[in-house]
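> sequence plus predicted model, see below.
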Amino acid sequence: MTGGAHPRRPDGAVATISADWLHDPDLAAVFGAIRAAGFEARAVGGAVRDALLAGLPRAENGAAITEPADVDLATTATPDETIAAMEAAGLKTIPTGVQFGTVTVISGALSIEVTTLRRDIETDGRHAVVSYSADWAEDARRRDFTINALYADQDGNVFDPGGGLADLQQRQLRFIGVPEERIREDYLRTVRLYRFAAQLPDFAVYDEALAATVRTRKGLASLSAERVREEVLRLVVGPRVGDSLRLLQRFGLTGHLMPTVPRAATAEALCRIKGSDPPDSMTALAAAFVSSENDVTALSARMKLSRKQERALADIVRAAVGLARDGVALAQMKRIAVRYDIETAIAAAELHAARRAGAGSPADVNAAAADLETLTAALCEWDVPSFPVAGADVIAAGVAPGPRVGEILDQVKAAWERSEFTANKSELLRLIEQATETEAG
């Protein structure tokens, strides 16, 4: 609930929220430990913003707001005082960003970042030197957007030192302070602007902010791969990803940020096909920035993808290449599932459908979504079989170890696929025998 009279609100509170995370006992333990040590803590940022958004009317086609992946806390305690408070409560701490005032607290199943109120006293576009503060308004002024400078205490009382509530109500994405100055303090704020524009489907971005991203675009090259990766992977799964990618390209920003040309229509089609279910990040990255397998290598290098991420991206792109131009068939998805896994088969089909629908009409998107829903349901009900024979079976049939073993195995596997995986081991062994007999003859 937001707005309206609320007799129990403390001084300065402007609204109240109701969210499941406020009642999480693991989070309550952290709040309680800080309070017991004589300090104050408030949730800040996305968790508060999204809880407030959930209580506001949604614009047509606006995305539903879900529970946040994590909740961050701000506190008047210094990092040392936070660590001492947690130790007194029997909670583990990790000094993950202690030089910036951040301590990670492990409480039950939660990993919670607790950051001391602070102000930036020196910035270079990538890093900041900070000084601790006990002033909530001062802490708010160093944050990027007004809607991310909203705080809530454990009772759900919301404090708004930066004017973020009004911007939420008016659906405005606005920097705190002068946009160009804020971007030059940290160039990642440009990427975050376009990321939030993609995530918040009915928010307007001020022309002044967009113009500031153009004037400061050369600074994007100074950003670390890890920071770019975190923001881009959130951008590509946003419901307005197409609009953000078009703006990035229109203003000449993508060349300073990514090594490949964005594919806005494909990325947009993928999100529409998925509906209220966000796409997998690697599928979304492929839709947004991959035209060929060569792009996978370039993206992985720029973003420093993990080996697991790079492999998943490469498998999805490679698997999608073999799908029929006129649509996806269940038999094709089964072949991919056997070669890779069910998740890759579904992702490849989604990517393929998005590429086709992105070049078509809204009706094509709707048709693709319906087809994929049917195919995915059928595939998930299927027990993925294992290839019944191996290289040892070919060698046992009299073929000397070497490349020919693999060639025969590939022939037999192709026959197994043509049978739609119904051929059993005995039948496949006979095919191996036939292949060796032909060679002997």
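On my side now, so go ahead.

> could you point out which element follows the helix or strand harbouring Arg227?
Counting by DSSP states H and E, the element that carries Arg227 is helix 225-235. For helix 225-235, the following helix or strand on the C-terminal side (DSSP H and E) is helix 241-250.

> distance between the longest helix that the chain contains and the chain's centre?
Ranked by residue count, the top helix of the chain under DSSP state H comes out as helix 362-380. Taking CA atoms, centre = their mean, to the nearest Å, one finds helix 362-380 lying 23 Å from the centre of the chain it belongs to.

> in that helix, what counts as buried?
Applying a neighbour-count criterion of 16 or more other CB atoms under 10 Å, the buried positions in helix 362-380 are Asp364, Val365, Ala367, Ala368, Ala369, Asp371, Leu372, Leu375, Thr376, Leu379. C-betas here are computed from N, CA, C, even on glycine.

> residues in contact with the last one?
Shown here is Leu379, whose contacts under the criterion CB atoms under 8 Å, 6 or more residues apart in numbering are Leu330, Met333, Lys334, Ala337, Ile342, Ala345, Ile346.

> let's see 10 Å
Contact criterion CB atoms under 10 Å, 6 or more residues apart in numbering gives Leu330, Met333, Lys334, Ile336, Ala337, Ile342, Ala345, Ile346, Ala349 as the residues in contact with Leu379.

> CA atoms only for the helix holding Arg227, dumped as CSV, please.
Once non-C-alpha atoms are left out, helix 225-235 reads as follows in CSV (Å, rounded to 0.1, in the frame of the first residue of the first chain):
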residue,chain,number,x,y,z
ALA,A,225,34.1,-6.5,-18.5
GLU,A,226,32.5,-7.8,-15.3
ARG,A,227,30.5,-4.7,-14.7
VAL,A,228,29.3,-4.5,-18.3
ARG,A,229,28.3,-8.2,-18.2
GLU,A,230,26.2,-7.8,-15.1
GLU,A,231,24.2,-4.9,-16.6
VAL,A,232,23.9,-6.2,-20.1
LEU,A,233,22.6,-9.6,-19.0
ARG,A,234,19.8,-7.8,-17.1
LEU,A,235,19.1,-5.5,-20.1
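
> show me where the stretch 151-300 of the chain has helices.
In the stretch 151-300 of the chain, the helices defined using DSSP state H, counting those that start in this stretch lie at 164-169, 179-185, 188-199, 207-215, 225-235, 241-250, 254-257, 264-274, 281-289, 293-303.

> in JSON lines: those helices, plus mean neighbour count.
Below are the helices of the stretch 151-300 of the chain laid out as JSON lines (neighbours: other CB atoms under 10 Å):
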{"stretch": "helix 164-169", "mean neighbour count": "20"}
{"stretch": "helix 179-185", "mean neighbour count": "19"}
{"stretch": "helix 188-199", "mean neighbour count": "24"}
{"stretch": "helix 207-215", "mean neighbour count": "16"}
{"stretch": "helix 225-235", "mean neighbour count": "18"}
{"stretch": "helix 241-250", "mean neighbour count": "21"}
{"stretch": "helix 254-257", "mean neighbour count": "18"}
{"stretch": "helix 264-274", "mean neighbour count": "24"}
{"stretch": "helix 281-289", "mean neighbour count": "27"}
{"stretch": "helix 293-303", "mean neighbour count": "17"}
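
> now these in a markdown table, with mean pLDDT?
A markdown table is the format used below for those (pLDDT from 0 to 100):
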| stretch | mean pLDDT |
| --- | --- |
| helix 164-169 | 95 |
| helix 179-185 | 95 |
| helix 188-199 | 96 |
| helix 207-215 | 96 |
| helix 225-235 | 95 |
| helix 241-250 | 96 |
| helix 254-257 | 92 |
| helix 264-274 | 95 |
| helix 281-289 | 97 |
| helix 293-303 | 94 |
